[in-house]
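J.: build me a model:
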Amino acid sequence: MPCEVCERPLEDGRLYELRGGAGATLVVLRGVPCLLCPTDRHPRKLPTNDFPTKLGEAVFRSGALPLARTRRFRKLACHACGRRLGDETLPPEPVRGDVTVDGAAFTVEISAPLSRCRRCGAVQVRADARVSLQITEALTAALERGGLRP
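T.: You can find the predicted model right below:
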């Protein structure tokens, strides 16, 4: 795929760190794959057009990050043991995990409200509908702030 500006071939690359936030949620992406022009100042591109969708799926469905799961009647369940979580919320702190999108592994860190399971003690992001939307928006913001586009 050529650069849109100079038409030189794009090269595979990695971006050291991208940050994005929404509401009380902050997302940090480290080592995100991208396509770079050999001329540093030209626009960067995402590896594939569907990369943002696949990134969201990897964050929410891979199990790489400790995110509470939504159960019946919108109740949250522990990601580790499945027990229903209580209503108590811990202050936001970062949780990390390595995700893989299209064969490329990189680190995702999420700072958002947390919960501790009373049964197993696992600490996890309270990924209710509001926080899940904030995580999605923060992922998008991080990619946009990094100048990445399809």
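
J.: with just CA atoms, put stretch 80-92 into CSV.
T.: The C-alpha coordinates for stretch 80-92 follow below in CSV (Å, rounded to 0.1, in the frame of the first residue of the first chain):
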residue,chain,number,x,y,z
ALA,A,80,-12.8,-15.1,37.1
CYS,A,81,-15.4,-17.0,39.0
GLY,A,82,-18.7,-15.8,37.6
ARG,A,83,-20.2,-14.7,41.0
ARG,A,84,-22.4,-11.6,40.9
LEU,A,85,-20.5,-8.5,41.9
GLY,A,86,-21.8,-6.2,44.6
ASP,A,87,-22.5,-2.5,44.2
GLU,A,88,-19.3,-1.3,45.9
THR,A,89,-16.8,0.5,43.6
LEU,A,90,-13.1,0.9,44.0
PRO,A,91,-11.2,4.0,42.7
PRO,A,92,-9.9,3.7,39.2
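
J.: what segments of the chain are helices?
T.: 51-61, 129-145 (DSSP state H).

J.: what's the burial count for the spatially closest residue to Cys78 that is not a sequence neighbour?
T.: Residue nearest to Cys78 in three dimensions, not counting chain neighbours: Cys117, with 4.0 Å by CB to CB, 6 or more residues apart in numbering. Placement of C-beta: from N, CA and C, glycine included. Look at Cys117: counted by other CB atoms under 10 Å, it has 22 neighbours.

J.: any idea how far Glu4 is from Cys117?
T.: Distance of Cys117 to Glu4, given as CB to CB, to the nearest Å: 48 Å.

J.: and for Val131?
T.: Counting by CB to CB, the gap from Val131 to Glu4 is 36 Å.

J.: the two: which has the busier surroundings?
T.: Using other CB under 10 Å, the more surrounded residue of Val131 and Glu4 is Val131, with 22 against 12.

J.: which strand residues bridge the nearest residue to that one once chain neighbours are set aside?
T.: Nearest non-adjacent residue to Val131, counting by CB to CB, 6+ apart: Ala112, 5.4 Å away. Beta bridges link Ala112 to Glu93, judged by DSSP bridges.

J.: surely Ala112 is in contact with Gln124?
T.: No: shown here, Ala112 and Gln124 do not form a contact pair, counting by CB atoms under 8 Å, at 9.8 Å.

J.: the nearest residue to Lys75 once chain neighbours are set aside: neighbour count?
T.: Nearest non-adjacent residue to Lys75, counting by CB to CB, 6+ apart: Arg84, 5.4 Å away. By other CB under 10 Å, 15 other residues sit near Arg84.
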